[in-house]
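Colleague: here is a sequence together with a model predicted from it:
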Amino acid sequence: MTLQETRLLTKRMNDRPADSWTMEAALATGAYETLRTALRMKPADVQEEVKTSGLRGRGGAGFPTGTKWSFLPAGLYPRYLVVNADEGEPSTFKDRELMERDPHQLIEGVAISAYAIESNTAFIYVRGEMAHAHDVLERALADARAQGFLGQNILGSGYDLDIVLHRGAGAYICGEETALLESLEGRRGMPRIRPPFPAIAGLYAKPTVVNNVETMATVPHIVGMGGAEYAKLGVNRSTGTRIFSLSGHVNRPGNYEVELGATFRDLIDDLGGGVTNGGTVKFFIPGGASSQWLVNEHLDVPLDMDEVGKLGVMLGSGAVMVFDQDTDPLAVAWRLVKFFAHESCGKCTPCREGTGWEEKILYRILHGQGRPSDLDLLLDIGDNISPGLNAPFSQTTICPLGPSSVSPIVSLNKYFRDDIIARCTPSLVTMLTGNGLAGNGLDGGLHR
Amino acid sequence: MFSSDNLQRAREIISRYPSSRSALLPLLHLAQDQDGWINDEAMTEIAGLLELTRADVYGTCSFYTMFKLEPVGTYVVSVCTNVTCLVTGGPAILHHLEKTYADDPDVFVEEVECLAACGGAPALQVNYEYHERLTPQSAEQIIDAYRSGQRTARRISGGPR
Amino acid sequence: MSAANTPAQPELVELTIDGHLVMVPKGANLIDVAQRHGHYIPRFCWHERMKPVGMCRMCLIEIEGVRGLPPACTTTVTPGMVVHTQESSPNARKAQEGVLEFLLINHPLDCPVCDRGGECPLQDHTIAHGPAESRFVEEKRHFAKPIPISHVVDLDRERCILCARCTRFADEIAGDPLISFFERGGHSQVLNYPDDPFSSYFSGNTVQICPVGALTARPYRFRARPWDLEKAETSCVTCAVQCRAELHSTTDQLVRLLGVDSDAVNHGWLCDKGRFGYEWVESPSRITSPMVRKTASDGTSELVEVSWPDALDAAAHGLQEVARLHQASSIGVLGGARGTNEDAYVWARFAKGVLGTDNVDCQLGDGLPAETVLGLPRATIADCDRARVVVLLAPDLKEELPVLYLRLKRAAQDLGVKIVEIGTGDTGLTHVAAATLRHLPGSAGDVAGRLVAAIGGTASGDADIDAAASLLGDGSDVVVVLGRPNLAEPADATVAAAAALATLPGVRFLSALRRSNVHGALDMGLAPGLLPGRVSLEQGRDSFAEAWGSVPASMGHDGTAMLRAAADGQLHGLVLLGADPMADFPDRALAERALASIGFTVVVDGFLSESAKRADVVLPPAVWGEKSGSATNIEGRVQRLTRRVTTAGRSMDDWRIAVELAARFGVDFDLETLDEVQAEISRLAPAYLGVDSHMINGSRDGVVVPLVPVTVTIGRRSPTAAVEADVSGDEAAGSAAGAAGSAAELSDEAPAARPALLTWDRSAPAVVPVARDSYAVRLVVARRLYDAGRVVAEGPSIVDLAPGPLLELNPSDLERLGVVDGGAVRASSSRGSGVFTARRVTGVPAGTARLAHNQPGDISDLVDVAEAVTDLRLESVATVATVGLAKGGAR
Ligand SMILES: Cc1cc2nc3c(=O)[nH]c(=O)nc-3n(C[C@H](O)[C@H](O)[C@H](O)COP(=O)(O)O)c2cc1C
Ligand code: SF4
Ligand code: FES
């Protein structure tokens, strides 16, 4: 049976592709009805539904949302809800579509969630480059305020909520929740030391919940159908649907919402239309740039957070990048490491210095100036950033960005070691033409 | 210096936040949209509005890649070369545009990280407006469309025109 | 370390470090307690006086049951924690070695030319654990180097390891976030804003806490190799806080001063004036030979160098002549607040016991009456950390006692101490004050009186005062920081305010007099009506007459009265002990007239100041760094001063000069050594009983005098009142380890055998408010950290930092005058006038003007000390050319 999408979050945008972002379309398709229902419930009961649903955060770490909310210390106000709309993980592009094409679903989710955690101010931190998403949300927020879905005494419930839209300015690390809070406070986006955790002292040192856009957009569906009903979707501890951003060498790249439990092959072949030009999958990255890689033989692994975890990889942000038989994995690894080096905030020594070092070595190898010992050096550098080189990461750093840079290296070593070593052995030609290592201060490699 | 309209907008932005410093990034965007880059007067004025030192403003500002500390012309062309675009032709677009507009002070071509447009790779942005599924030639045509006035660009920091 | 509000014993928890069981205070920081128990975990970013950031990742360790390798510096100990440092955890060791390698890959290999070489933690760790060979074959990161980030500090970004110690110091401790991280990731660098230098009063501390050679002090760059340095612990005496410090010299030259972490005093910090202020000691304009005025046949006269015997003879002869022609009380001795306690004591003995005059004052009309300072219950600096409320009745502490400013800022920001500021305009602490009571110059007493009444339940009807009163609650647990906020009015209003606040139950006072050893000098009796050891003339008369031979019959003049008497032809001989009334006395015209009228002047000074130029005899003293001794700080803490270099030229210790002069009066003091002077003080001066050389040199943080805690009862002054031994063990008194034993010893002596310590009867002069007409502005003259004093003027590294003759005005007053910021104004008082650079300062209230005292280029003459307040008429001066004076006006 071919895999079909299960459209909850992507329903409205598929049903009304031309105007799904408007208030008119939203109201015509049932938006804000669940908010009305939720506001008649007790906040604790709304929380309970979310807990029952088994919803796990869609931002990357997969932490159970209801549990996260329950960490807020009782009786401490104000508290803040912060929506992480900084989507910057390479090859992830679901949040952008959710914002651009169905802002009211997100706003409704935020309103219900803020009500559930008894917050009167929420912030949506939108990635700076997503100017259009920002404008759409700005307009949608104004419309929602005009309709009485936001502001004072929402729908006569006595509940007040203000949502502040905030633009980032170009820094992937601001997707990390504590860096995001720093950035929202007008500082350099550098992750904070924990403890204290945001639930205890987050934004402005007040209790704070940070949730991903997709997580928030799921909430109305959970409260609408009931947590137990939602939990029937998906498999095991991976309940519900998830939007996968499928990209790379596939015929129909794009966002696909599926019930968790389908396989990568289903996703790539049935929804993605298979590999471009009738090619085959050489390797693929299952959970965004931070994840370790999988290869052809793993295509039948199910899309289940715990199952993929057993392979040392993660579903992460739900991005699946597919690379065909002609792709140079070294180039992909170098480009990813370059990304992490570029985006390192610079706070921790191992990440600040190590990512740059890794990048330089990979660049060298890619340009024919590698030494046979370089791959092991890379692994040892990696080990000093992420001891043990395992997933989930162990880290000598504050946040997982530094350790993420090790994923491509470990993957190269795991699947393409011989190939890389071979490329690090200078050929007679490069040595004779001087186009190799000699004379570049790199001749240490020749004498090993 | 903020125009009087923008100064009023700046004050309104500051009032949204429980702590005025939170308005720093939005005000820098506002200044960049107005002036085309973040100049010395803007940093000084923003530091004054938020009661920060200029070192603080500059230090924060320079952390974020969108803020340009030198003039960049009228169009910022951000070409993604991250992996999906890497394997679908991003670098060729980048090199083509870099060459084409090397001497054009109006067009600032930069290499950027993943723009969350991988579904339409290779992609770029012109003043933070997306363009997807490009070739070097179609990319050039798009930029020329802005330059000839056929298309209206956003402001330089992505603000609406 | 972090002062809790109650000094109760902290709860202990048990943990295991590398297999050793240790008991540590609950909530302690792991890296700190591990070190205290002998397990040193390497670190770069962690600094015990700042909040942890966990950035450098050098301190990674293993904790059983905790995932990964957490940094020790951000870990709070919990009961039963089992910790493995690099000593017992191969994982931790590998991670630390990895971090070290990461730090080194981009670090330049310029250790041989780096100031830090030899005392660099990065170097040390590398020698201990680092890789012998670099695996990094790529191109290193490059930056232009070094670049100046302030007047005194250079930055080498290639050496920087980005630990954020400097930026955190600037932000958290100094409150001057003028340096920041710029860019990010591998491009991160520390910088100031272009054209906006790191001009913090505290910038030098960043050099000291930089763990590598990224920040260097220009005055020290390339001047010494650490292993060649000779070091001695001493106190900085640039101001009266007297921060603990270590003085370094090489080849008999002073090369740097570092802060020493004293819990009691300075937490390791120094201000830049203190840190870089040692340069004046080696100033080429110092005079190091005695001089005597010789009159030529044509009637002109000049000072010429002579031998010490000749100079001493001349000085003694001149003074004897004055006494013979007039009387002993027509001689005055002014100054002495810049020397050691020993200098002050011997000079007090000479003046009061030999010359027989009580016209003795170490203050230049710019302080407070001695009995107000000495006769109130005293607080220590650390008391401010524990107080509920600190009331500021003082000049801007940031300008005058900078490290006390840091301490109070921290108390307010981190320890929850409420600050109530009573003053005429904004100060460095206003932004952390919980309440601010503004008043016109001359009205402090009125405000304080209403505040105290409001505390007592009489609502003042003024919302600010009532709010401050509610902060003060019942008035208990209050420390008042008491100084002299305004030199353009007499001390009367401040004294009246102090008298009012002294009625609060249990209130204690911390003196904010500024001049380096003014408290030591007051304690040694260099004030009218006082004898050494905080006793009055009456109280000490018997014992000192016996020891010294005689003491003056009645109380003499203070500094202002002396100058007035001189101007009136009533004072004929004057000894200036390092004092320069021509520059430093608030009333210039009076100083001028006084010095012109004096018949015979002896100046003991290392520089030919304006005042010294008029002297008949000039005697050059040895100065700080060249002599040992002790000094007493604002809280009454006696700390040692250490000699580090040879005395310049033929200069002589001040106290020896006094001994020599006394000999020429036929009095043998029998004081040959410093120890003997200290022994005499410890024997005779009641507040210093037991404080001998052994105690001064043996206690790490000095000792607070008197050693036996006293409860000062405020009331009418009477010889029998006042000293009660308080054996409750209030730790305010004895911070030194040795103090307790000595205190016990001392209490064996019958207290009645010693003169009672001075108490103040709170007889404050009545201050009648003077109306200000609406066209005038009322003047506040206050000091700035950098001025025309010799520490700055003779210090090449800091001389340019004095702001010059600035008149700070409220924007509305400037507008009214039609003058822009930086424009010129002429200010005229009933006394005289001057032209100033106007500075627009919102923190100066409308109707008030603030003038920096003793600035280079200021030749104005505005203050008449006889007036209760100084009101100014202002007018715009059209041509900027007439301003010419405002040298540092750009700052
Ligand atoms: C380097 C880094 C980048 C991240 N970027 C994002 C992001 O762009 N969007 C996001 O929702 N979460 C991102 N996260 C995860 C967040 O820290 C956080 O876990 C998430 O926002 C929580 O929301 P959720 O519980 O709804 O998933 C990132 C984490 C790291 C370490
Ligand atoms: S791991 Fe990298 S990105 Fe994360 S906090 Fe450390 S330096 Fe910053
Ligand atoms: S000392 Fe602990 S991380 Fe730097």
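Modeller: Yep, it's here. Please read all numbers here as calculations on a predicted model, not as lab measurements. Residues are numbered from 1 along each chain as shown, chains lettered A, B, ... in the order given. Ligands and ions are numbered 1, 2, ... in the order given.
Colleague: check what pLDDT the closest residue to residue C:400 other than its chain neighbours gets.
Modeller: Ranked by Cβ to Cβ, 6 or more residues apart in numbering or on different chains and with sequence neighbours excluded, the top spatial neighbour of residue C:400 is residue C:514, at 4.5 Å. All C-beta atoms are positioned from the backbone trio N, CA, C, and that covers glycine. Residue C:514 is assigned 95 on the pLDDT scale.
Colleague: any idea how far residue C:514 is from chain B?
Modeller: Separation of residue C:514 from chain B (Cβ to the nearest Cβ, to the nearest Å) stands at 28 Å.
Colleague: contact partners for that residue?
Modeller: Residues counted as contacts of residue C:514 (Cβ atoms under 8 Å, 6 or more residues apart in numbering or on different chains) are C:239, C:240, C:395, C:400, C:401, C:483, C:783.
Colleague: try it again at 10 Å.
Modeller: For residue C:514, the contacting residues are C:238-241, C:337, C:366-367, C:394-395, C:397, C:399-401, C:483-484, C:634, C:783, taking Cβ atoms under 10 Å, 6 or more residues apart in numbering or on different chains as the criterion.
Colleague: OK, contacts around the closest residue to chain C within the stretch 101-250 of chain A?
Modeller: The shortest separation between the stretch 101-250 of chain A and chain C is 4.7 Å, found at residue A:193 (distances taken as Cβ to the nearest Cβ). With Cβ under 10 Å, 6+ apart as the criterion, the residues that contact residue A:193 are A:178, A:347, A:398, C:51, C:52, C:53, C:54, C:55, C:70, C:71, C:73, C:74.
Colleague: domains in chain B, by residue range?
Modeller: Using automatic domain parsing, the domain parsing of chain B gives B:4-63, B:75-148.
Colleague: what about the shortest one, near chain A?
Modeller: Yes - among the residues of domain B:4-63, B:13, B:16-29, B:32, B:50, B:52, B:56-57, B:59-63 lie within reach of chain A under Cβ under 10 Å from any Cβ of the partner chain.
Colleague: up against ligand 2, what does chain A have?
Modeller: Within chain A, the residues that sit near ligand 2 (Cβ under 6 Å from any ligand atom) are A:173, A:190-191, A:344-348, A:351-352, A:397-399, A:401-402.
Colleague: now the contacts of residue A:193 as TSV including pLDDT, neighbour count and secondary structure?
Modeller: Converted to TSV, the contacts of residue A:193 look like this (pLDDT from 0 to 100; neighbours: other Cβ atoms under 10 Å in any protein chain shown; DSSP: H, G, I helix; E, B strand; the rest coil):
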residue	pLDDT	neighbour count	secondary structure
A:178	98	24	helix
A:347	98	32	coil
A:398	97	26	coil
C:51	95	11	coil
C:52	96	23	coil
C:53	96	22	coil
C:54	97	22	coil
C:55	97	26	coil
C:70	96	20	coil
C:71	97	27	strand
C:73	97	27	helix
C:74	97	21	helix
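Colleague: report the two of the residues you listed separated the most.
Modeller: Greatest spatial distance in the contacts of residue A:193: A:178 and C:73, 17.6 Å, computed using Cβ to Cβ.
Colleague: so, low pLDDT: which residues of the chain?
Modeller: Since you didn't name a chain, this refers to chain A. A:1, A:426-448 (pLDDT under 70).
Colleague: that's the other chain; I wanted chain C
Modeller: Within chain C, the ranges that satisfy pLDDT under 70 run C:1-8, C:709-753, C:879-891.
Colleague: contact residues of it facing chain B?
Modeller: C:149, C:167, C:170-171, C:176-185, C:187-198, C:431.
Colleague: out of the domains of chain B, flag the one nearest residue A:52.
Modeller: Comparing these under Cβ to Cβ, the one sitting nearest is domain B:75-148, at 31.7 Å.
Colleague: hey, where'd the helices end up in the stretch 151-300 of chain A?
Modeller: In the stretch 151-300 of chain A, the helices defined using DSSP state H, counting those that start in this stretch lie at A:177-184, A:213-225, A:227-231, A:264-265.
Colleague: with distance to ligand 3 added, can I get the ones you listed in JSON lines?
Modeller: Formatted as JSON lines, the helices of the stretch 151-300 of chain A follow (distance: least, Cβ to the nearest ligand atom, whole Å):
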{"stretch": "helix A:177-184", "distance to ligand 3": "16"}
{"stretch": "helix A:213-225", "distance to ligand 3": "32"}
{"stretch": "helix A:227-231", "distance to ligand 3": "42"}
{"stretch": "helix A:264-265", "distance to ligand 3": "40"}
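Colleague: quick revisit: please name whichever of the domains of chain B is nearest to residue C:142.
Modeller: Between residue C:142 and the domains of chain B, the shortest gap by Cβ to Cβ is with domain B:4-63, which sits at 18.1 Å.
Colleague: from residue A:305, how far out is residue A:71?
Modeller: Distance of residue A:71 to residue A:305, computed by Cβ to Cβ, to the nearest Å: 20 Å.
Colleague: close to chain C: what parts of chain B are there?
Modeller: By the rule Cβ under 10 Å from any Cβ, the part of chain B lying against chain C is B:40, B:43-44, B:47, B:51-65, B:69.
Colleague: out of those, name the ones that lie in helices.
Modeller: B:40, B:43, B:44, B:47, B:54, B:55, B:56, B:57, B:58, B:59, B:60, B:61 (DSSP state H).
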